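J.: only geometry, no sequence info:
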């Protein structure tokens, strides 16, 4: 029995302005776009998603309580070397890492995840180097009450 494999189309470039957006809602839409779940030719074992550019990552919306209470943990592998950082410190040091971790944790952990993450491009301000790809705006509804 032969199975037909549809060759994936050329990826489309999308742009997301993160100014005032909630990181969780934004990350779910970005993760689905990276996987290609909205395409008719979606296949869970193939790389058929699009590229996503996120600009203004430093201007994400967070409630004040979440900034102080949410923590990111990393372990060096040695006994007692658990490092913890609050969301506030992470946003000061590297806001693009907050978006990357949110999207990474919403993707399935398989062999395709590193390839999907290579298609995610995050910038702290409005300047990016992908004007030549003519990105299409990706609509994300904002629920922030700032």
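T.: Thanks, I have the structure now. Just so it is clear, the model here is predicted, and its values are computed rather than measured. Residues are numbered from 1 along each chain as shown.
J.: for the rest of this, base every contact and every neighbour count on C-alpha atoms.
T.: Noted.
J.: ok, residue 91 - contacts?
T.: Counting by C-alpha atoms under 8 Å, 6 or more residues apart in numbering, residue 91 touches 58, 98.
J.: please, which helix or strand holds it?
T.: helix 87-93 (DSSP states H and E).
J.: pull the distance from that helix to the chain's centre.
T.: 17 Å (C-alpha atoms, centre = their mean, to the nearest Å).
J.: the one residue sitting closest to the centre of the chain: what secondary structure?
T.: For the chain, the residue sitting closest to the mean C-alpha position, by C-alpha atoms, centre = their mean, is residue 103 at 3.6 Å. Of the three states, residue 103 takes helix under DSSP: H, G, I helix; E, B strand; the rest coil.
J.: roughly how far apart are it and residue 4?
T.: In this view, residue 103 and residue 4 are 31 Å apart by C-alpha to C-alpha, to the nearest Å.
J.: again with residue 58
T.: Distance, residue 58 to residue 4, using C-alpha to C-alpha: 44 Å.
J.: looking at the two, which is more packed in?
T.: Higher neighbour count among residue 58 and residue 4: residue 58, with 20 against 6, using other C-alpha atoms under 10 Å.
J.: so the more buried one touches residue 99, yeah?
T.: No. Counting by C-alpha atoms under 8 Å, residue 58 sits too far from residue 99 to count as a contact (9.6 Å).
J.: now residue 35: closest residue in space that isn't a chain neighbour?
T.: Counting by C-alpha to C-alpha, 6 or more residues apart in numbering, residue 49 is the residue found nearest to residue 35 once chain neighbours are left out, at 4.6 Å.
J.: now swap in residue 139 and tell me
T.: Nearest non-adjacent residue to residue 139, counting by C-alpha to C-alpha, 6+ apart: residue 16, 7.4 Å away.
J.: wait, that neighbour sits on residue 137?
T.: Yes. Residue 16 lies in contact with residue 137 (C-alpha under 8 Å); the separation is 6.1 Å.
J.: so between the two, which is more surrounded?
T.: Legend: neighbour count by other C-alpha under 10 Å for residue 16 and residue 137, higher for residue 16 (21 against 13).
J.: shouldn't the more buried one be within a strand?
T.: Yes. Counting by three-state DSSP, one finds residue 16 located in a strand.
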